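Student: one predicted model, sequence on top.
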Amino acid sequence: MKRWYVVQVYAGYEEIVKKDLEKRVVKEGVQDKFGAVLVPSAKAQRFFDASQKDMDQQLFPGYVLVEMEMGPEAMRLVLDSMRVLKFLGGKEPVPISKKEVDRILRQMAGEIEIGPKKEEFIVGSEVEIADGPFAGFVGIVEAVDAENEKLTVMVGIFGRMTPVELVFQQVKR
């Protein structure tokens with residue numbers, strides 16, 4: 001019975017390992033022992049120069065999921081691939097649960113949102129700016145735009161309170 005196993009690989013080489021494994025499975029003629037090889041990634045919004053861009057973000061950098069029927073021959077084929085370090089679980093790899101596989105597949109399909117939790121900010125509360133040109137400053141929340149995940153924070157600059165617009169990810173409580 002085919003189950004899903006997690007394979008640790010050199011970070012940044014996940015796609016190369018996936019293609020290499022798929023080629024080796026065909027070359028060795030063991031397609032009946034292997035199913036899919038996945039590099040779990042999902043679309044994520046990132047902010048660059050005040051514009052939003054959707055990019056693929058790996059869910060587990062340095063790891064590849066392999067659907068396979070565990071046996072000495074299949075294990076050897078995976079471990080002998082270049083840039084593969086080991087199976088999670090060591091000499092006796094443990095498959096991941098069906099529930100976990102379903103959750104990962106839903107994340108990849110965009111049904112589950114990844115990223116930081118949306119925090120609730122309260123007008124008048126104090127926050128520390130963690131990112132951007134005002135990093136390290138402490139300010140008071142003046143306005144909250146939850147829909148766009150933005151805050152207006154009053155920061156003391158040169159003795160004057162100045163409003164600064166920030167995204168939620170740039171501040172911490």
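Tutor: Nice, I can see it.
Student: max-length helix in the protein?
Tutor: Longest helix of the chain, by residue count under DSSP state H: helix 14-28.
Student: quick one: that helix to chain centroid distance?
Tutor: 23 Å (CA atoms, centre = their mean, to the nearest Å).
Student: state the mean pLDDT of the helix or strand encompassing Val141.
Tutor: Using DSSP states H and E, Val141 sits within strand 138-145. For strand 138-145, mean pLDDT is 93.
Student: before we move on, the earlier item: and the longest helix of the chain, C-alpha only, in PDB?
Tutor: What follows is helix 14-28 as a C-alpha-only set of coordinates in PDB (Å, rounded to 0.1, in the frame of the first residue of the first chain):
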ATOM      1  CA  GLU A  14      13.400  20.600  -4.000                       C
ATOM      2  CA  GLU A  15      12.200  20.900  -7.600                       C
ATOM      3  CA  ILE A  16      15.400  19.300  -8.900                       C
ATOM      4  CA  VAL A  17      15.100  16.400  -6.500                       C
ATOM      5  CA  LYS A  18      11.500  15.900  -7.600                       C
ATOM      6  CA  LYS A  19      12.300  15.800 -11.300                       C
ATOM      7  CA  ASP A  20      15.300  13.500 -10.600                       C
ATOM      8  CA  LEU A  21      13.200  11.100  -8.500                       C
ATOM      9  CA  GLU A  22      10.500  11.000 -11.200                       C
ATOM     10  CA  LYS A  23      13.100  10.200 -13.900                       C
ATOM     11  CA  ARG A  24      14.800   7.500 -11.800                       C
ATOM     12  CA  VAL A  25      11.500   5.800 -11.000                       C
ATOM     13  CA  VAL A  26      10.700   5.500 -14.700                       C
ATOM     14  CA  LYS A  27      14.300   4.400 -15.600                       C
ATOM     15  CA  GLU A  28      14.300   1.700 -13.000                       C
END
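Student: I'd assumed Leu38 was in contact with Glu15.
Tutor: No: counting by CB atoms under 8 Å, Glu15 sits too far from Leu38 to count as a contact (10.8 Å). Where you see a C-beta, it was placed from the backbone N, CA and C, and this is true even at glycine.
Student: so these two - more neighbours on which side?
Tutor: Set Glu15 next to Leu38 and count neighbours by other CB atoms under 10 Å: Leu38 wins out with 20 against 13.
Student: quick check: closest non-adjacent residue to that one.
Tutor: Spatial nearest neighbour of Leu38, chain neighbours left out: Leu65 (4.3 Å); criterion: CB to CB, 6 or more residues apart in numbering.
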